[in-house]
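# sequence unavailable; structure follows:
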């Protein structure tokens, strides 16, 4: 989760602190789709909250 957040931190709107809480189903998500699935879900949540600037998501190198 930490690495996924870092990969997209520059795309976030404004200057704010964000607290992410990993719940038990994250283990199932990792088992099913790996870290990429966690990253995609996190981006989905940030988009729903309108926290990511439009279409400027960063991908890890």
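Here it is on my side, so go on. None of the values given here were measured: they were computed from a predicted structure.

# wait, what's in contact with the most centrally placed residue in the chain?
If you average the C-alpha coordinates of the chain and look for the closest C-alpha using CA atoms, centre = their mean, you land on residue 42, 2.9 Å from that point. Residues touching residue 42, when contacts are defined by CB atoms under 8 Å, 6 or more residues apart in numbering, comprise 1, 4, 5, 8, 20. C-betas here are computed from N, CA, C, even on glycine.

# try 7 Å
Applying CB atoms under 7 Å, 6 or more residues apart in numbering, we find residue 42 in contact with 1, 4, 5.

# over to residue 39?
Counting by CB under 7 Å, 6+ apart, residue 39 touches 4, 7.

# next one: the helix or strand where it lies to chain centre, how far?
Taking DSSP states H and E as the criterion, residue 39 maps to helix 25-48. Offset of helix 25-48 from its chain centre (CA atoms, centre = their mean, to the nearest Å): 7 Å.

# buried residues, it. List them.
Of the residues in helix 25-48, those buried under the neighbour-count criterion (16 or more other CB atoms under 10 Å) are 29, 37, 38, 39, 41, 42, 43, 46.

# is the first one in contact with residue 38, as I believe?
Yes. Counting by CB atoms under 7 Å, a contact exists between residue 29 and residue 38, whose distance comes to 5.8 Å.

# on that earlier part again, tell me the one of the contacts of residue 42 nearest residue 50?
Within the contacts of residue 42, distances to residue 50 taken as CB to CB reach their minimum at residue 5, with 16.8 Å.

# which residues of this structure score low on pLDDT?
Scanning the chain with the threshold set as pLDDT under 70 gives 54-61.

# can we see that at 90?
Scanning the chain for pLDDT under 90 picks out the ranges 1-4, 9-27, 52-61.

# which one is residue 20 nearest to, not counting chain neighbours?
residue 1 (5.9 Å; CB to CB, 6 or more residues apart in numbering).
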